[in-house]
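# Predicted model and sequence below, questions to follow.
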Amino acid sequence: MPAPLGKTPTKKMPKIEVFGLGDSQATRGAVRFFRERRIVVSFVDLRKKPIEAAELRRFVSRLGASALLDVADRAATEGGLLALVRSDPRLLRLPLVRYGDELTAGPDETTWTAWLARRNG
């Protein structure tokens, strides 16, 4: 039985946050990936609560603006990225996942598995 969202404490595991859209297949897959491994996930639906500027800057500084965008839009720069994403979060490569200080954009089960292996190993 998977861990319910936000209900079960996780041993020695920093908080995992998943930013995405509730109707996005990739976002639901990321949440399911962690829940099947009994990891509590904090899910933020970007339609209900837009991503904070500081949080977006963290992703941009670590991964780069081009890694976050799901479209080939060269006109979107760091300065205009926040306005662009707030108006249409579907432009992001979802899900955005944060584990402590580490970040991923898009479905990246290989990295997520490595995070969990370090926790167990």
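In hand now; what should we look at?
# Any idea how many residues pack against the closest residue to Pro95 other than its chain neighbours?
Leaving aside its sequence neighbours, Pro95 sits nearest to Gly20 (C-beta to C-beta, 6 or more residues apart in numbering; 3.8 Å). All C-beta atoms are positioned from the backbone trio N, CA, C, and that covers glycine. For Gly20, the neighbour count with other C-beta atoms under 10 Å is 24.
# Which stretches in the chain count as helices?
25-36, 53-63, 65-68, 78-87, 109-120 (DSSP state H).
# Figure out which of these is closest to Ser42.
helix 25-36 (9.9 Å; C-beta to C-beta).
# Could you verify my assumption that the residue nearest to Pro95 touches Arg47?
No - applying C-beta atoms under 8 Å as the test, Gly20 and Arg47 come out as separate, 9.6 Å apart.
# Ala105 pairs with what?
Going by DSSP bridges, Ala105 is paired in beta bridges with Leu96.
# separation between it and Glu52?
Separation of Ala105 from Glu52 (C-beta to C-beta, to the nearest Å) stands at 16 Å.
# where's Ile51 relative to Leu94, distance?
Ile51 is 11 Å from Leu94, by C-beta to C-beta.
# what is in contact with these two at once?
Shared contacts of Ile51 and Leu94 (C-beta atoms under 8 Å, 6 or more residues apart in numbering): Phe19.
# What about Val31, how many residues nearby?
Neighbours of Val31 (other C-beta under 10 Å): 21.
# follow-up on the earlier one: more neighbours, Ile51 and Leu94?
Leu94 (23 against 19).
# can you pull the contacts of that one?
If you count contacts by C-beta under 8 Å, 6+ apart, then Leu94 has Phe19, Gly20, Leu21, Ser24, Ala26, Thr27, Asp70, Ala105, Gly106 around it.
# Return the distance of it relative to Arg37.
Counting by C-beta to C-beta, the gap from Leu94 to Arg37 is 20 Å.
# can you check Arg119 too?
For Arg119 relative to Arg37 (C-beta to C-beta), the value is 10 Å.
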